[in-house]
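J.: mind folding the following:
(one chain, ligands or ions: 1)
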Amino acid sequence: MTQNTDLNIALFERAKQVIPGGVNSPVRAFAAVGGTPRFVQRAQGAYFWDQNQQQFTDYIGSWGPMILGHGHPEVVAAVQAAVLEGFSFGAPTEREVVLAEKIRALMPSMDMVRMVSSGTEAGMSALRLARGFTGRNRIIKFNGCYHGHADALLVKAGSGLATFGASSSAGVPADVAKDTVVLEYNDVAQLEEAFASFGSEIACVIMEPIAGNMNFVRATVEFTRRIRELTREHGALMIYDEVMTGFRVALGGAQSLYAREIAGFAPDITVMGKVIGGGMPMAAFGARREIMEKLSPLGPVYQAGTLSGNPIATACGLKTLELISRPGFHTDLHLKTGHLMQGLKSEAQAAGVPFSVDWQGGLFGFYFLPELPRTYAEVMKTDGKVFNKFYHGMLERGHYFAPALYEAGFVSAAHTDEDIDRTIEAAREVFRTL
Ligand code: PLP
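T.: Numbers count the residues shown, from 1 in each chain. Below is the predicted model of the structure:
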């Protein structure tokens, strides 16, 4: 397709005139891989079609929400019915109660949940709640984990463990960043040192149980166990950010997997998003009763939202959760994702390309590295040029992966074995070019 007839290029140029960078969320701009983003015209099942009418097999699924694939007929029907009843009321509805009950049934670490409209809002509110509950300011987060763009969470490691964190974005006051301590993921010694130095000042430790924002890195069982023990010992809360993993890696989220390994394991606060809205703006956070009762209107921690618990989003999320609750759903999804990962790995090996893979449920990561990384620094050892060549080779052939080497990938229930086989065949050709 020549430049003049490529409608994605034309639209991107137009978009850049009126939207910063032409996109409403930075990773969509393809800055990490170069080239032009595909503007999506419509999507169905495992596919979407771009502005040029080219079909792609979608391994992003809106960055996680579309676990059933696009336009599942039962979800569409639930949304259509809800639209006819009204868009937004600013008053409580029965569906919010049913959704909260459903979430509690699936993740019993939560007695109560509060609904919001984005993962960012959920993470920001959970942080305020943890600070309000403990009466402390300092928080610990980990290098490579992303929890949305609340000021206190846009922080990178300072020069030393006990020193103030430094903002990773302009516009975040140093005063806000100073209470955020950033440690290495999976580094037990550093964690123990931090608690030994200032454990009584820590309000919470926030983490992704499987870090999907540095591709796909699992927290080791030992690391998770020590976070749980140290937070309990020091009166701090453990916040599990399951925005990406929740309802995707297992029906009960990543916490159900770690609970199998660690006796008595449960986080204090869970943050959720993506799948619980099924593609509509919906997120939530929840905890046990004594923590949640600190929230307004019951307690002193203020939190609110005009569109929170929106009736159309709750209809979409509720139907999605209902459909993924059917027996065997996540086992099938895990097998399907495994088919893709093992297929890519064996083609890479056949071509002599160093490659490693990991996956859980419908979430996956692959690396142009011989061994799976365990920290952000190890992830970033990936050769960006090789990744980008692979990325564009697959894109040209109609297979849409995340456009950055530090992002995870997503498989939906709508992907068939034939879809996955076609992707593996395309990868065979591309690996040979690397
Ligand atoms: N937490 C995690 C683990 C995420 O992956 C994301 C987004 O990708 C967020 C929080 C922020 O969610 P949102 O983009 O809905 O604000």
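J.: for the rest of this, base every contact and every neighbour count on C-alpha atoms.
T.: Will do.
J.: hey, where'd the helices end up in this protein?
T.: 7-18, 73-85, 94-106, 119-134, 174-177, 188-198, 221-234, 253-261, 289-292, 311-324, 329-350, 376-379, 384-396, 417-433 (DSSP state H).
J.: list the strands paired with the lowest-mean-pLDDT helix or strand in the chain, with their directions.
T.: None of the helices or strands of the chain scores lower by mean pLDDT, DSSP states H and E than strand 166-167, at a mean of 84. Note on strand 166-167: by DSSP bridges, its sheet partners are strand 155-156 (antiparallel).
J.: give me the contacts around the partner strand.
T.: With contact meaning CA atoms under 8 Å, 6 or more residues apart in numbering, strand 155-156 is reached by N143, G165, A166, S167, S168, S169, A177, T180, V182.
J.: the residues you listed into a markdown table, with extra columns for distance to the ligand?
T.: Shown next, in a markdown table, are the contacts of strand 155-156 (distance: CA to the nearest ligand atom, whole Å):
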| residue | distance to the ligand |
| --- | --- |
| N143 | 13 |
| G165 | 19 |
| A166 | 20 |
| S167 | 17 |
| S168 | 16 |
| S169 | 16 |
| A177 | 18 |
| T180 | 16 |
| V182 | 16 |
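J.: for PyMOL, what selects the buried ones among those residues?
T.: Only the buried entries of the contacts of strand 155-156 go into this PyMOL selection, using 16 or more other CA atoms under 10 Å:
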select buried, resi 143+165+166+167+177+180+182
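J.: show me which residues of the chain are close to the ligand?
T.: S118, G119, T120, Y146, H147, G148, E208, D241, V243, M244 (CA under 6 Å from any ligand atom).
J.: and the furthest pair within the residues you listed?
T.: Largest separation among the residues of the chain next to the ligand by CA to CA: S118 and E208, giving 16.2 Å.
J.: the two: which has the busier surroundings?
T.: E208 (26 against 21; other CA atoms under 10 Å).
J.: quick one: residues contacting the nearest residue to the more buried one once chain neighbours are set aside.
T.: Spatially, and ignoring its direct neighbours in sequence, E208 is nearest to D241 (4.9 Å; CA to CA, 6 or more residues apart in numbering). By CA under 8 Å, 6+ apart, D241 lies in contact with G123, H147, I206, M207, E208, P209, T270, V271, M272.
J.: any idea how many residues pack against K385?
T.: Count around K385 with other CA under 10 Å applied: 11.
J.: can you pull the pLDDT of the residue nearest in space to the middle of the chain?
T.: Per CA atoms, centre = their mean, the C-alpha nearest to the average position across the chain is that of M244, at 2.7 Å. Confidence at M244, expressed as pLDDT, is 98.
J.: and what of E13?
T.: Confidence score, pLDDT, at E13: 97.
J.: so who does the residue lying closest to it once chain neighbours are set aside touch?
T.: Nearest non-adjacent residue to E13, counting by CA to CA, 6+ apart: G22, 7.5 Å away. Contacts for G22 were tallied using CA under 8 Å, 6+ apart; they are F12, E13, R14, A15, K16, A29.
J.: now, which of the residues you listed sits nearest T306?
T.: A15 (28.8 Å).
J.: got a list of what that closest one touches?
T.: Contacts of A15 (CA under 8 Å, 6+ apart): G21, G22, V23.
J.: the first one contacts A29, doesn't it?
T.: Translated: G21. Yes. Under the criterion of CA atoms under 8 Å, G21 makes contact with A29 at 6.8 Å.
J.: in terms of neighbours, single out the busier of these two.
T.: Higher neighbour count among G21 and A29: A29, with 20 against 16, using other CA under 10 Å.
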